[in-house]
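Participant: I'd like to go over a predicted model; first the sequence, then the structure.
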Amino acid sequence: FMLNRRIKEIARNMETRMAAVEARLAALEGGKPGTPAAAAAAGGAAAAPFVKAFDELVAEFFAPVEQGAKVCGPDVEKSVAAFKEALAAQRDMLVVASSSRQPFDVNLQKVLKPTSDLMGKVDTLKDRRSKQFNHLAMLAEGVQCLGWVCVEKTPISFLSDTMPGSEMYGNKVVMEFKNTDDAAQADFAKAFKQFLLELQKYVKAHHTTGLAWNPNGGTGYAGSAGGLFAELNALGAAGASATANLKKVQKDQMTHKNPALRASSLVADMSKPAPAAPAGAKAPAAKKAPKFSQNGSKFFIEHYEDDRTLSVTECTNKTAVCMVACKRSLLQIPGKINTLQIDGCVKTSIVVESCVASIDVINCKSCEIQVTDWTPMITLDGCEGAIIYLSQKCVDNDVAIVSSKCSELNIVLPAKSNDEDPVELPVPEQFETRVRNGALVTTHISPVGAWSRVVCGGSLRMSCASRMGPPRFPRRARLGFQGRARLGTRAPGGGCVGLHSLPGPP
């Protein structure tokens, strides 16, 4: 009874004080009950001129975009539908602004969140593998223009800076499809550009210095205090029934009256702080399903683990191969391709015959790449423990190997004759820079002695002409992909065994 009585008193006091605060604010802003300002704040949202103008903008200039998307394929239609949802969310925000005062940062984020989430949805639909990538990129860049509602004082400049990104991709669509049987796709890009231009005119006409909030409006975005008071009053009016479902605690269940219960494991000891999670700890990433896909002349090999049978056999000088996030796998490319990209792979091996452009290795660990014929360039960025096996043609034609932020990078040169062994050379990791005549002169640091490392029978032989320490070699150069064969072992007829030559027992 005493609890119910106290709740009623608290509710009455809060309601009285809130009413007094609202009355003072209304008096200061000239929005006393019954005045035109108060009436506009209460029911003028739907009749706000800039809300009507926004509806006319969408109906007149975005409708052609929706119609044009139907001839551009399902990917574009899906992205345009998400764009339309973002416009609807922005329209709801304009309605709130027409009847509300400008909120503080916390409440402003709540108002912006629906539009922001849908803008992100449009951006995630931009798929580089899609044949309509330029269309999707145009829409993804264009949806950023809806962020003008966050910009104070200069939303026009924001739109002027944001629109060129979308216009660039739109021009690509126009150039690709104009004067063709699919000229309607070029018209789609032109219609979207016109919509963005009209959006800029709309903002300039109605929101020159930022989103036009109603200075005499309320705070509908923050929720009504009446709901809180109603719940408190209902709880007090319920009387005993409000606590009817609560379970009574017996004396033998009270820890302050039962020391034995405090000592048991059933009740946590709050006097000792719980162990904190280690700093920077992250939940383990979910394992993704392996994927081998083809989009025209592009092959994508993703998330394979412990698979030694991967291969790309449909090879032309326009073929591009991209291998991403694979572990302990082997990829064989027996023909001539245009480019090969290896990104985020671990303990993965690649055998490629020839690349017309380049081989790019990015953020890989303990990976091995063998070129059996020719490539003009090999680039490595952020790699660790990589080994590159070159063919004699690569050596004779001065192949370019460009590395940055790499460690433990070794290059294996082929044997010059059947009586010799392949030689593995380390790429320098330490450099010395001096200032000479106002310019920087950089040289790599190497031991004074003549160190050499050859691969023979899977083991290493080293010789040195000085007592200085050797350069860094990460590990023994053993591959053994499909049996007993290891790079550098001697075949019965002489010569070196390659990466996939002699199957047999381990």
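Facilitator: Sure, I can see it.

Participant: Where do the helices of the stretch 301-450 of the chain begin and end?
Facilitator: Using DSSP state H, counting those that start in this stretch, the helices found in the stretch 301-450 of the chain span residues 392-396.

Participant: same deal with the chain?
Facilitator: Using DSSP state H, the helices of the chain run over residues 2-29, 36-43, 49-57, 63-69, 74-98, 105-124, 133-142, 155-177, 183-206, 225-238, 259-263, 392-396.

Participant: which outside residues touch the third one?
Facilitator: I take that to be helix 49-57. Residues external to helix 49-57 that are found in contact with it (C-beta atoms under 8 Å, 6 or more residues apart in numbering): 45, 90-91, 94-95, 98, 198-199, 202, 205-207, 212. Quick note: C-beta positions are derived from backbone N, CA and C, even for glycine.

Participant: re the thing from before, pick out the shakiest of the helices of the chain, pLDDT-wise.
Facilitator: With a mean of 39, helix 36-43 has the lowest mean pLDDT of the helices of the chain.

Participant: residues near residue 432, how many?
Facilitator: Residues near residue 432, counting by other C-beta atoms under 10 Å, number 9.

Participant: Can you give me the end-to-end span of stretch 428-445?
Facilitator: Start to finish, the residues bounding stretch 428-445 are 7 Å apart (C-alpha to C-alpha, to the nearest Å).

Participant: and that stretch, which residues are buried?
Facilitator: Using 16 or more other C-beta atoms under 10 Å as the test for burial, stretch 428-445 gives no buried residues.

Participant: Please apply the same query to stretch 94-112.
Facilitator: 94-103, 108, 111-112.

Participant: how long is it end to end?
Facilitator: 11 Å.

Participant: Name the nearest of the buried residues of stretch 94-112 relative to residue 194.
Facilitator: Taking C-beta to C-beta as the measure, residue 194 lies nearest residue 94 of the buried residues of stretch 94-112, at 21.1 Å.

Participant: ok, the closest one touching residue 48?
Facilitator: Yes: judged on C-beta atoms under 8 Å, residue 94 makes contact with residue 48 at a distance of 7.4 Å.

Participant: hmm, back to that, may I ask which two of the buried residues of stretch 94-112 are separated the most?
Facilitator: It's 99 and 112 that sit farthest apart of those, by C-beta to C-beta, at 16.8 Å.

Participant: ok, and the closest non-adjacent residue to residue 442?
Facilitator: Nearest in space to residue 442, with sequence neighbours left out and distances taken as C-beta to C-beta, 6 or more residues apart in numbering, is residue 433 at 4.5 Å.

Participant: show me what contacts that neighbour?
Facilitator: 440-442.

Participant: Now with 10 Å, please.
Facilitator: Contacts for residue 433 (C-beta atoms under 10 Å, 6 or more residues apart in numbering) come out as 440-443.

Participant: again with residue 304
Facilitator: Counting by C-beta under 10 Å, 6+ apart, residue 304 has contacts 289-292, 310, 323-331, 345, 348.

Participant: What of residue 329?
Facilitator: Taking C-beta under 10 Å, 6+ apart, one finds 290, 301, 303-310, 323, 345-350 in contact with residue 329.

Participant: do residue 152 as well
Facilitator: Residue 152 sits in contact with 102, 158, 209-211, where contact means C-beta under 10 Å, 6+ apart.

Participant: got JSON lines for those residues, with distance to residue 152 too?
Facilitator: Shown next, in JSON lines, are the contacts of residue 152 (distance: C-beta to C-beta, whole Å):
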{"residue": "102", "distance to residue 152": "9"}
{"residue": "158", "distance to residue 152": "10"}
{"residue": "209", "distance to residue 152": "7"}
{"residue": "210", "distance to residue 152": "4"}
{"residue": "211", "distance to residue 152": "8"}
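
Participant: Would you check which pair of those lies furthest apart?
Facilitator: 102 and 158 (17.7 Å).

Participant: quick one on the thing from earlier: which one of the contacts of helix 49-57 is nearest residue 403?
Facilitator: The closest of these, once distances to residue 403 are taken by C-beta to C-beta, is residue 199, at 47.0 Å.

Participant: Pretty sure the closest one sits against residue 148.
Facilitator: Yes: the criterion here is C-beta atoms under 10 Å, and residue 199 meets it with residue 148 at 8.1 Å.

Participant: what is in contact with these two at once?
Facilitator: Common contact partners of residue 199 and residue 148 (C-beta under 10 Å, 6+ apart): residue 159.

Participant: Neighbours of residue 286, how many?
Facilitator: Count around residue 286 with other C-beta under 10 Å applied: 5.

Participant: Could you do residue 368 as well?
Facilitator: 23.

Participant: Pretty sure it sits against residue 387.
Facilitator: Yes: taking contacts as C-beta under 10 Å, residue 368 lies within contact range of residue 387: 4.7 Å.

Participant: Just the buried positions in stretch 393-410, please.
Facilitator: 394, 399, 403, 406, 408-410.

Participant: scratch that, stretch 290-310 is what I was asking about
Facilitator: Buried residues in stretch 290-310 (16+ other C-beta under 10 Å): 298-304, 307, 310.

Participant: ok, which pair from those residues is furthest apart?
Facilitator: 298 and 307, at 20.1 Å, using C-beta to C-beta across the buried residues of stretch 290-310.

Participant: residues in contact with residue 133?
Facilitator: 75, 126-127, 169, 172-173.

Participant: May I ask which of those has the most neighbours?
Facilitator: residue 173 (25 neighbours).

Participant: I'd like the distance between the spatially closest residue to that residue that is not a sequence neighbour and residue 128.
Facilitator: Of all residues not flanking residue 173 in the chain, residue 189 sits nearest, at 4.0 Å (C-beta to C-beta, 6+ apart). For residue 189, the distance to residue 128 (C-beta to C-beta, to the nearest Å) stands at 18 Å.

Participant: how deep is residue 155 tucked in, by neighbour count?
Facilitator: Number of residues near residue 155 (other C-beta under 10 Å) recorded here: 22.

Participant: From residue 93, how far out is it?
Facilitator: 14 Å.

Participant: shared neighbours, the two?
Facilitator: 149, 211.
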